[in-house]
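Trainee: this is a predicted model, with the sequence first.
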Amino acid sequence: MGGARLAFRAPHPYHPRVHVTVLSRSAAIYTTHRLVEAARARGHRARVLDPVQVEMGLGGTRPALFYRRGRFPRTDIVIPRIALSINQYGLAVVNHLQLLGMPLLNGTQGISASRNKMRCLQLLAGNGIGVPLTVMANDASGLKDMVKHVGGLPVLVKLLSQSERTGLMICETLQSLEAALEAILGLGQNIVVQQYVKAARGRDLRAFVVGGRVVAALRRRPRVGRFARTLAHGAKFEACALPDEHARVAVETARVVGLEVCAIDMLDVKGGPLVFEVNSSPGIREAEEACGVDVAAAVIARAEQLALATRSARRASAGAAG
Ligand SMILES: Nc1ncnc2c1ncn2[C@@H]1O[C@H](COP(=O)(O)OP(=O)(O)O)[C@@H](O)[C@H]1O
Ligand SMILES: [Mg+2]
């Protein structure tokens, strides 16, 4: 017959339980769902709160915080997954939590820096990280010089702020570039013009960095005859062994932008990787499927670490005060 039966299940005796809150529009989103699953698998409490249902108050003795007009649930660590469609409100929520001293797996500064293409590239280039030749301008008059600066035609035109849809154009002639710039600038949008890096052989690399470590890396290959290398465009993803130099650059990029969890997109060129985009709420499905890596568990392990560090720092300061 069966041996001793435990009266209760103590699944994870070696790490204290923490309360993880994922800020996300829906618990049904793959990455959100996986984070909750991974937290629970490790014995933690996890819940999903919709950022647009968080209410924030200022001006009293202390910033106030509510969820659906009620008390904000107990939380030791927050993982923001702020959709671009609610970027502004979402960032205000993240900032409010930060103000209240809540540990976050990605704070306001890192998220907003990553979401402005030019500011992000400025930050990287200013810290010695390789980026594609890029220029930003507010009118199309200096067109020839712009093209010269980025190494000649063809060039890429990118919308400055990230949007849900891709805002990317390849211009092969000065005329098409001029038309594109005038049209976009005329709509009041800002743009950057970037060197089109062909040496990347139609592939780019994505490294997932969590807590200062690369946990997974992917190569993305566009569908034959297509340019964009995103899932929506039918790109193929395959696991890749990231060269040391690329891993170093990815980790350094995450540090400079100030992100605990991110995906760093790089063009694989001779002479070292060029970082062209930093994603602060990356989807993890492709990485988990192609690499067979439990990215969600890595994120939760880091969340746990930060939550417990904050908890013991608070206890120490309460002890010192008392
Ligand atoms: N400078 C570049 N040279 C060549 N290909 C690029 C360059 N920048 C981006 N790409 C390709 O275009 C895709 C979309 O560019 P990205 O800057 O990530 O815009 P989005 O905001 O649409 O994600 C990338 O995934 C990459 O494959
Ligand atoms: Mg991209």
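Mentor: Nice, thanks for sending it over. Residues are numbered from 1 along each chain as shown. Ligands and ions are numbered 1, 2, ... in the order given.
Trainee: let me see the ranges of the helices in this structure.
Mentor: Assignment of helices within the chain using DSSP state H yields the ranges 30-41, 87-99, 108-114, 117-126, 143-149, 174-186, 244-257, 285-291, 295-321.
Trainee: so which of the ones you listed is nearest ligand 1?
Mentor: Among the helices of the chain, the nearest to ligand 1 by C-beta to the nearest ligand atom is helix 117-126 (6.8 Å). All C-beta spots, glycine's among them, are computed from the backbone N, C-alpha and C.
Trainee: which one of the helices of the chain has the most crowded surroundings?
Mentor: helix 108-114 (a mean of 21; mean count of other C-beta atoms under 10 Å).
Trainee: please enumerate residues in contact with that helix?
Mentor: Residues from elsewhere that reach helix 108-114 (C-beta atoms under 8 Å, 6 or more residues apart in numbering): 80, 82, 91, 94-95, 98, 119-120, 123, 257-260, 262, 278-281.
Trainee: 7 Å instead, please
Mentor: 80, 82, 91, 94-95, 98, 119-120, 123, 257-259, 262, 278-280 (C-beta atoms under 7 Å, 6 or more residues apart in numbering).
Trainee: distance of Ala125 from Pro132?
Mentor: 10 Å (C-beta to C-beta, to the nearest Å).
Trainee: oh, that last question was meant for Val150, not what I typed.
Mentor: Val150 is 8 Å from Pro132, by C-beta to C-beta.
Trainee: between the two, which contacts overlap?
Mentor: With C-beta under 7 Å, 6+ apart, Val150 and Pro132 have common neighbours 194-195.
Trainee: what about stretch 122-130, how long is it end to end?
Mentor: 11 Å (C-alpha to C-alpha, to the nearest Å).
Trainee: just the mean pLDDT for that stretch, thanks.
Mentor: What stretch 122-130 shows for mean pLDDT is 98.
Trainee: that stretch near ligand 1 at all?
Mentor: No. Stretch 122-130 is not in contact with ligand 1 by C-beta under 6 Å from any ligand atom; minimum separation 11.6 Å.
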